[in-house]
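Chemist: Sharing a model prediction with you, sequence too.
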Amino acid sequence: MWAKLSETFSVFFRRLPLFAAIALSIWLPVNLATEKMIRLFHLGDFWVYVWGGLIFGPIVSAATVDVLDRLERGQPAGYLDAMDTAVSVWLTLMLTSLMAMILSALGFVFLIIPGILLMIFFTFVTAVVVVEGLGGMAALARSARLTAGRRWKIFGANLILVLLMLLVFAPVTVVMELTGTIDGFGPSVAFDCLTDLYAILFTILNFLFYWDARVEEESAKHPKQFLYIEPLPQEPRDA
């Protein structure tokens, strides 16, 4: 788990300009529009952010996964290719993510633990939609199968990222409260963009778990054949 977290941060910082371009090219205009709507129409923050995340979040996460998939396959990864992939799977991923959200929410309504379990089961949904081309219930079922045997690690690693997020951004929130800038238009947009950029870490982490699951699955389907190779003849040594 710790090794996976270390790899997550390593990938994030090595490709930070690309990930920042993907995140900010979507979230900066969205956050600007969101803050403007909240102030003009006195809308509730929660529902505005939920709908914004549901509509635009899949683009950012799909583009990020496309970059990671290309890197794992040794292919060049770039902004335009990632965005092209994200747009092509946007509708499928949005609807599949909505299904996952509804099922997880129902789990939380009845009991908290089923909701947490369903969230873990659906951790790989974005990767399954982008990499494997599945959608709907097929993608949800596929994600649930791939998480088997590593769910505690997925939960623990994501929990650590959440705690780190609180550790980093809680003091910033306190400072903004004390200085009276938390309600400012510019500071609010900047804060939202920073948290959106941090969220890329969750996508990277869960993709790395997904890739390990795929490698393990392929290894089980096609076990390595250990062949006996006759050693090369040795040249006679001089006496």
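Modeler: Cool, got the structure. All figures in this text were calculated on a predicted structure; none of them were measured in a lab.

Chemist: Which strands and helices lie in contact with the lengthiest helix in the chain?
Modeler: Ranked by residue count under DSSP state H, the longest helix found in the chain is helix 185-221. Applying 3 or more Cβ pairs under 8 Å, 6 or more residues apart in numbering; DSSP states H and E, one finds that helix 185-221 makes contact with helix 2-14, helix 16-41, helix 45-72, helix 125-127, helix 136-147, helix 151-179. No exception for glycine: its C-beta is placed from N, CA and C like everyone else's.

Chemist: So which of those helices is the most surrounded?
Modeler: When the helices and strands packed on helix 185-221 are scored by mean count of other Cβ atoms under 10 Å, the highest mean neighbour count falls to helix 125-127 (a mean of 26).

Chemist: Touching that one from outside, list them.
Modeler: The contact list for helix 125-127 (Cβ atoms under 8 Å, 6 or more residues apart in numbering) reads 58, 61-62, 65, 69, 93, 96-97, 100, 139-140, 143, 203, 206-207, 210-211.

Chemist: go again using 10 Å as the cut-off
Modeler: With contact meaning Cβ atoms under 10 Å, 6 or more residues apart in numbering, helix 125-127 is reached by 57-58, 60-62, 64-65, 68-69, 89, 93, 96-97, 99-100, 134-135, 139-140, 142-144, 146, 203, 206-211, 213-214.

Chemist: next one: it to chain centre, how far?
Modeler: Computed by Cα atoms, centre = their mean, to the nearest Å, the chain-centroid distance of helix 125-127 equals 8 Å.

Chemist: next one: stretch 50-64
Modeler: Worked out by Cα atoms, centre = their mean, stretch 50-64 lies 10 Å from the chain centre.

Chemist: which residue is nearest the middle of the chain?
Modeler: residue 203 (1.4 Å; Cα atoms, centre = their mean).

Chemist: my guess is that one meets residue 8, correct?
Modeler: Yes - contact criterion Cβ atoms under 10 Å: residue 203 and residue 8 qualify, at 9.5 Å.

Chemist: so where's this protein uncertain?
Modeler: For the chain, the stretches flagged by pLDDT under 70 are 42-48, 111, 223-239.

Chemist: switch the cut-off to 80
Modeler: For the chain, the stretches with pLDDT under 80 are 1, 38-52, 109-112, 182, 221-239.

Chemist: on that earlier part again, by how many degrees do the longest helix of the chain and helix 136-147 diverge?
Modeler: Counting by axes from the mean of the first three to the mean of the last three Cα atoms, to 10 degrees, helix 185-221 lies at 70 degrees to helix 136-147.

Chemist: export stretch 51-61 as CSV, just CAs?
Modeler: What follows is stretch 51-61, C-alpha atoms only, in CSV (Å, rounded to 0.1, in the frame of the first residue of the first chain):
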residue,chain,number,x,y,z
TRP,A,51,-23.8,18.5,-10.8
GLY,A,52,-20.6,20.1,-11.9
GLY,A,53,-18.6,17.1,-10.8
LEU,A,54,-21.0,14.7,-12.5
ILE,A,55,-20.9,16.5,-15.8
PHE,A,56,-17.3,17.6,-16.1
GLY,A,57,-15.5,15.2,-13.7
PRO,A,58,-15.6,12.3,-16.1
ILE,A,59,-13.7,14.4,-18.7
VAL,A,60,-10.8,15.0,-16.3
SER,A,61,-10.7,11.5,-14.9
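
Chemist: Run the chain-centre distance for the longest helix of the chain.
Modeler: Worked out by Cα atoms, centre = their mean, helix 185-221 lies 3 Å from the chain centre.
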